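Participant: Sequence plus predicted model, see below.
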Amino acid sequence: MPTFLGPNQYGKAENRVVRITRDGATHHIRDLNVSVSLSGDMDEVHYSGSNANVLPTDTTKNTVYAFAKEHGIDSPEQFGIHLARHFVAGQDAIHRARIRIEEYTWERIEHSGEGAHSFVRKGQETRLTQVTHDGSSWEVVSGLRDLTVMNSTDSEFRGYVKDKYTTLPEAHDRVLATDVSARWRFRWSDDAEDAPDWEESYVQVKGHLLRAFAETYSRSLQQTLYAMGARIIDHRDEIDEVRFSLPNKHHFLVDLAPFGLENDTADGAVYFAADRPYGLIEATVLRDGREAKIPADLTNL
Ligand SMILES: O=c1[nH]c(=O)c2[nH]c(=O)[nH]c2[nH]1
């Protein structure tokens, strides 16, 4: 045969599942986007069209909804683990399952009426997880995207390389803003070990990331990135690796001199918030002795 089949996977992408739990008049929402990718003995479906090993993608979709009802959704990670285990353990031909989940969070609307069943979608970050299972080992990489943060001072950028094309003035006091996209890999990889408390872990990791952003006097976004990753690794024993992709959301001082106005950071200034181009700062922070496994390009995860 002049050709042969390379890596392949299949499944149902972007199953939108909303699970309401009732606790008397108080309701709880979990709102997920779940993508299932399966791989294994799938040569024949590609070569000859035999579907003998193919669990339909439609069935994988149904499984997501049935599991949400039967088992509930304690955390995106736990839900992903449950699904991955089911597909690999339940089908001889399926050797590996990868479950990707995005979670959209809802905040309770405080009001003086009856019941606790009104929510407003939180505009902040999207929580993410990816669970991969091959029948024996696990990889859980969680994270977030679109967590927009800004420091209105305590940031500078100077002392950089200058060549004949450099025009950027040194900044002694600038705005530092970014949309944080981060992924962190858990050490847990074996059913036999105790799994982390996924909910607690997420809240704590996000808190450390934000506090490191706020508390680091920044000489560059690179330095701030490292401080955020190092703080997570230092405080969260369950995590071995953190990867960031941080667009530098540039805020340029507007030239108001033509209008006889000084525009100086020292007494509060007016900025032009540019949307593109943007600096893009990406790096991984690792626990000593560990290897980088999260893909360099987070759009692939
Ligand atoms: O924090 C920064 N890092 C850079 O590498 C860089 N380059 C640049 O033009 N501005 C900035 N800011």
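Facilitator: Great, that's in hand. Numbering: from 1, shown residues only.
Participant: how about the residues of this structure that lie near the ligand?
Facilitator: 157, 168, 220, 221, 222, 248, 279 (Cβ under 6 Å from any ligand atom). In short, each C-beta sits where N, CA and C put it, glycine included.
Participant: Now go through these and say which are in strands.
Facilitator: Among these, DSSP state E puts 248, 279 in strands.
Participant: Check the offset of stretch 16-33 from the chain's centre.
Facilitator: Its chain's average C-alpha position is 22 Å from that of stretch 16-33, according to Cα atoms, centre = their mean, to the nearest Å.
Participant: got it, and stretch 238-252?
Facilitator: 11 Å.
Participant: pretty sure residue 38 contacts residue 99?
Facilitator: No: with contacts counted by Cβ atoms under 8 Å, residue 38 stays clear of residue 99, the gap being 9.7 Å.
Participant: In terms of neighbours, single out the busier of those two.
Facilitator: More neighbours surround residue 99 than the other of residue 38 and residue 99, with 29 against 25 (other Cβ atoms under 10 Å).
Participant: In three-state terms, label the residue lying closest to that one once chain neighbours are set aside for me.
Facilitator: Ranked by Cβ to Cβ, 6 or more residues apart in numbering and with sequence neighbours excluded, the top spatial neighbour of residue 99 is residue 80, at 3.9 Å. The three-state label given to residue 80 by DSSP: H, G, I helix; E, B strand; the rest coil is helix.
Participant: Just the buried subset of the residues of the chain next to the ligand, written out for PyMOL, thanks.
Facilitator: Buried residues among the residues of the chain next to the ligand (16 or more other Cβ atoms under 10 Å), as a PyMOL selection:
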select buried, resi 157+220+221+222+248
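Participant: Which pair of the residues of the chain next to the ligand spans the longest distance?
Facilitator: Using Cβ to Cβ, the two most remote members of the residues of the chain next to the ligand are 168 and 222, lying 15.5 Å apart.
Participant: Who are the packing partners of the helix or strand hosting residue 230?
Facilitator: Here residue 230 sits within helix 221-235, counting by DSSP states H and E. Applying 3 or more Cβ pairs under 8 Å, 6 or more residues apart in numbering; DSSP states H and E, one finds that helix 221-235 contacts strand 176-186, helix 198-215, strand 239-248, strand 279-286.
Participant: Please point out which parts of it sit buried.
Facilitator: For helix 221-235, burial by neighbour count (16+ other Cβ under 10 Å) applies to 221, 222, 224, 225, 226, 227, 228, 229, 230, 231, 232, 233.
Participant: Could you do stretch 110-130 as well?
Facilitator: By neighbour count on 16+ other Cβ under 10 Å, the buried set for stretch 110-130 is 116, 125, 126, 127, 128, 129, 130.
Participant: what does that stretch rub up against?
Facilitator: 25-27, 29, 76-77, 80, 98-109, 139-147, 180, 183, 202, 206, 301 (Cβ atoms under 8 Å, 6 or more residues apart in numbering).
Participant: Just the buried ones from those residues?
Facilitator: Among the contacts of stretch 110-130, those buried by neighbour count (16+ other Cβ under 10 Å) are 27, 29, 76-77, 80, 98-104, 106, 139-145, 147, 180, 183, 202, 206.
Participant: List the residues that contact the closest residue to residue 265 other than its chain neighbours.
Facilitator: Leaving out its chain neighbours, the residue that sits closest to residue 265 by Cβ to Cβ, 6+ apart is residue 173, at 4.4 Å. Counting by Cβ under 8 Å, 6+ apart, residue 173 makes contact with 153, 155, 156, 265, 266.
Participant: JSON lines please, covering the buried residues of helix 221-235 and showing pLDDT.
Facilitator: JSON lines is the format used below for these (pLDDT from 0 to 100):
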{"residue": "221", "pLDDT": "98"}
{"residue": "222", "pLDDT": "98"}
{"residue": "224", "pLDDT": "98"}
{"residue": "225", "pLDDT": "98"}
{"residue": "226", "pLDDT": "98"}
{"residue": "227", "pLDDT": "98"}
{"residue": "228", "pLDDT": "98"}
{"residue": "229", "pLDDT": "98"}
{"residue": "230", "pLDDT": "98"}
{"residue": "231", "pLDDT": "98"}
{"residue": "232", "pLDDT": "98"}
{"residue": "233", "pLDDT": "98"}
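Participant: now those as CSV including distance to residue 214?
Facilitator: Shown next, in CSV, are the buried residues of helix 221-235 (distance: Cβ to Cβ, whole Å):
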residue, distance to residue 214
221, 14
222, 17
224, 10
225, 14
226, 15
227, 10
228, 10
229, 15
230, 15
231, 11
232, 14
233, 18
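Participant: ok, how many other residues are close to the nearest residue to residue 227 once chain neighbours are set aside?
Facilitator: Counting by Cβ to Cβ, 6+ apart, residue 227 lies nearest to residue 216, which is 4.3 Å off, once chain neighbours are set aside. Applying other Cβ under 10 Å, we find 20 residues neighbouring residue 216.
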